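In: sequence first, predicted coordinates after that:
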Amino acid sequence: MKTALNNRLPPPGDSTSVLISAPAVPNRARRILVADDDQDSRDLENLVLTRAGYLVDAAADGEEAWQALISTHYDLLVTDHKMPRLSGLDLVARIRAWGITLPVIVNSAWPGLDEAAEHSHLCLAAILHKPSDFNEIETAVRRVFRTSYESSSPRP
């Protein structure tokens, strides 16, 4: 069966040069892991980020997030801090101890969250304070991707 593309190709043995322009390949959708033990917060972040065009997976606590991180490639982690089994900051510390340079946004209502910024070894990309609104989450994610991936791109 011939396709439309095959109908435009010269017959075999023809020395005519053919330039086939493929459609532009869209940028790979970035994959985000959202870790939050609060179902409503997790669902809200998932909805906001999915509508913004990201591929989003969710984890109900830090340990579940860790298992997802070691089995799947993610471009960003958005995590709460106060979670059962493994807190958000302990999750980030584990990630860094394993040499994983994944950008991380902490989105939490924990009152000591500003102190987390002082732990430079965690290399947090952003800290958001709950309740975060739609725009705040989406803007932070875009800023992190722009900053993280521009700085890792080769310069002309």
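Out: Yep, that arrived.
In: neighbours around H81, how many?
Out: The burial metric for H81, expressed as a neighbour count using other Cβ atoms under 10 Å, is 23. Yep, even glycine has a C-beta here, placed from its N, CA and C like the rest.
In: now do it against D37, distance only.
Out: Computed with Cβ to Cβ, to the nearest Å, the distance linking H81 and D37 is 10 Å.
In: regarding R85, what is its secondary structure?
Out: Three states are possible here, and by DSSP: H, G, I helix; E, B strand; the rest coil the one that applies to R85 is coil.
In: over to the one 4 residues further on?
Out: When classified by three-state DSSP, L89 comes out as helix.
In: please apply the same query to the one 4 residues further on.
Out: Secondary structure of A93, reduced to three states by three-state DSSP: helix.
In: would you state the strands of this structure in chain order?
Out: Here the chain has its strands, by DSSP state E, at 31-35, 55-59, 76-79, 104-108, 126-129.
In: mind putting these in JSON lines, mean neighbour count, mean pLDDT and distance to L47 included?
Out: Converted to JSON lines, those look like this (neighbours: other Cβ atoms under 10 Å; pLDDT from 0 to 100; distance: least, Cβ to Cβ, whole Å):
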{"stretch": "strand 31-35", "mean neighbour count": "24", "mean pLDDT": "97", "distance to L47": "10"}
{"stretch": "strand 55-59", "mean neighbour count": "19", "mean pLDDT": "96", "distance to L47": "9"}
{"stretch": "strand 76-79", "mean neighbour count": "26", "mean pLDDT": "96", "distance to L47": "13"}
{"stretch": "strand 104-108", "mean neighbour count": "24", "mean pLDDT": "91", "distance to L47": "14"}
{"stretch": "strand 126-129", "mean neighbour count": "18", "mean pLDDT": "86", "distance to L47": "16"}
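In: I appreciate the help and will end here.
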